[in-house]
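Engineer: Give me a model of this one.
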Amino acid sequence: MMFSMSDVTWIGAGMDRPECVAATAAGDIFVTRRDGLSRIGADGRTTHRVLGAAPDWMTNGFSIAHDGAFMLANLGNDGGAWRWTPTTGLQPFLREVDGLSLPTAVNFVGVDPQHRVWVSVSTRLFPRDLGFKRGIEDGFIVLVDGSGARIAADGIGFTNESHIDPSGRYLYVNETYARRTSRYPLRADGALGPKEIVTEYGDGAFPDGMAFDAEGHLWVACVVANRLIRVAPDGSQQVLLDDSDPQTREIAEAAFAADRFDRAILNLGEKRTLANLASLAFAGPDRKTLVLGSLAGTRLATFRSPIAGAKPHHWELRPAF
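Structural biologist: From the prediction side, this is the model:
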């Protein structure tokens, strides 16, 4: 199974940094924008919501909570994890944990079927770009449940998206600049067991967003290389879609090896059609339409898959927007 750019079509208009995407059974596709959120309705119309004002706000990874609220990571100067509904507006959800003020490197806020919230913090360094290096593994994951907030996993190489697998046995996480996907055994009380490395990446690929399919495989979006990779439970990889440029991959690999990888190198991926592929969601009534988010796009790429996505916990929700 492999796809080409000729299989890709486009939806949406006027997107601005559509970094993270989510879909529901009602046909809505929700996507981040620099200053808020957008929705592409089942009728194809796009609605934009401004949540925060620059320079203090930049929406990054988000999830939909069981009550329909949007749980959001803020990469702007205010940092933190936030909650938004049209009724309540933007409200702080988590600003510190274990005595540590959450920096601007809050990357993703995930919600699981047990209503627990998992907050990915990429690095303790400020600015976060200092964490774009080999060997810096100071990222962590915060668990928020009925017992409060606490650091559940530490020592992560630039924490990105994290999701519980369909079996409910593991919490998976992409470590962008450790260039690997890892997982933690998940206990009933939310405690995590020792980290296990699932797979590692190279050749210009840096893992960002993820989603599981109905067969238990993980689909991973890689920035810089603009590559979509399917990871089997045993860690083996299959490249599904590749919009990479050999010269960019070579430059990125050389810079990373020499500890010179920075924002300018990351942004090289923006020059390709997929505009720095960053995330994905399975959409459509059969969950066989892939929708791809990016760091620099103004629309969303889509293509059809023969394999359906796993049903996310928010699939049947109809959040107000």
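
Engineer: Quick one: list the elements packing against the host helix or strand of residue 266.
Structural biologist: Counting by DSSP states H and E, the element that carries residue 266 is helix 263-266. The contact analysis (3 or more CB pairs under 8 Å, 6 or more residues apart in numbering; DSSP states H and E) places helix 263-266 against strand 218-224, helix 246-257. To be clear about C-beta, it is placed using only N, CA and C from the backbone, and glycine gets the same treatment.

Engineer: any residues touching the very next helix or strand once past it, and which ones?
Structural biologist: Per DSSP H and E, helix 263-266 leads on to strand 277-283 as the next helix or strand towards the C-terminus. Residues from elsewhere that reach strand 277-283 (CB atoms under 8 Å, 6 or more residues apart in numbering): 19-23, 27, 29, 61, 161, 208-211, 213, 219, 221-223, 226-228, 243, 269, 288-295, 302, 305, 308-310.

Engineer: Please repeat the previous calculation with a cut-off of 6 Å.
Structural biologist: Applying CB atoms under 6 Å, 6 or more residues apart in numbering, the contact partners of strand 277-283 are 19-23, 29, 208-209, 211, 219, 221, 223, 226, 289-295, 309.

Engineer: I'd say residue 25 and residue 318 touch.
Structural biologist: No - the criterion here is CB atoms under 6 Å, and residue 25 misses it with residue 318 at 8.6 Å.

Engineer: Which one's more surrounded, the two?
Structural biologist: Neighbours per residue, other CB atoms under 10 Å: of residue 25 and residue 318, the larger number sits with residue 25, 16 against 12.

Engineer: secondary structure element for the more buried one?
Structural biologist: Going by DSSP H and E, residue 25 is not in any helix or strand.

Engineer: what's residue 37 in contact with, if anything?
Structural biologist: Residue 37 makes contacts with residue 49, as judged by CB under 6 Å, 6+ apart.

Engineer: For the remainder of this discussion, apply numbering that starts at 22.
Structural biologist: That works, and once the first residue is 22, the last one we named lands at residue 58.

Engineer: Quick check: it is in a strand.
Structural biologist: Yes - counting by DSSP: H, G, I helix; E, B strand; the rest coil, one finds residue 58 located in a strand.

Engineer: Do you know the pLDDT at it?
Structural biologist: pLDDT for residue 58: 98.

Engineer: How about residue 75?
Structural biologist: 62.

Engineer: now residue 125
Structural biologist: 78.

Engineer: hang on, it packs against residue 102?
Structural biologist: No - here residue 125 does not reach residue 102: they are 11.9 Å apart, not a contact under CB under 6 Å.

Engineer: if we can go back for a sec, which stretch among the helices and strands packed on helix 284-287 is buried most, on average?
Structural biologist: Highest mean neighbour count of the helices and strands packed on helix 284-287: strand 239-245, a mean of 28 (counted as mean count of other CB atoms under 10 Å).

Engineer: For the helix holding residue 287, give the mean pLDDT please.
Structural biologist: Mean per-residue pLDDT for helix 284-287: 98.

Engineer: Just the C-alpha atoms of that helix, please, in PDB.
Structural biologist: Provided in PDB are the C-alpha atoms of helix 284-287 (Å, rounded to 0.1, in the frame of the first residue of the first chain):
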ATOM      1  CA  ARG A 284      14.100  26.800  12.800                       C
ATOM      2  CA  ALA A 285      15.500  27.600   9.300                       C
ATOM      3  CA  ILE A 286      16.200  24.000   8.700                       C
ATOM      4  CA  LEU A 287      12.800  22.900   9.900                       C
END
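
Engineer: gap between that helix and the chain center?
Structural biologist: Helix 284-287 sits 18 Å away from the centroid of its parent chain (CA atoms, centre = their mean, to the nearest Å).

Engineer: Just the buried residues of the contacts of strand 298-304.
Structural biologist: Buried members of these, counted by 16 or more other CB atoms under 10 Å: 40-44, 50, 229-230, 232, 240, 242, 244, 247, 310-316, 330.

Engineer: Could you say which helix or strand holds residue 171?
Structural biologist: strand 169-177.

Engineer: What pairs with that strand, parallel or antiparallel?
Structural biologist: Using DSSP bridges, strand 169-177 pairs in its sheet with strand 160-166 (antiparallel).

Engineer: contacts for the partner strand?
Structural biologist: 118, 137-144, 170-175, 177, 179-180, 183, 211.
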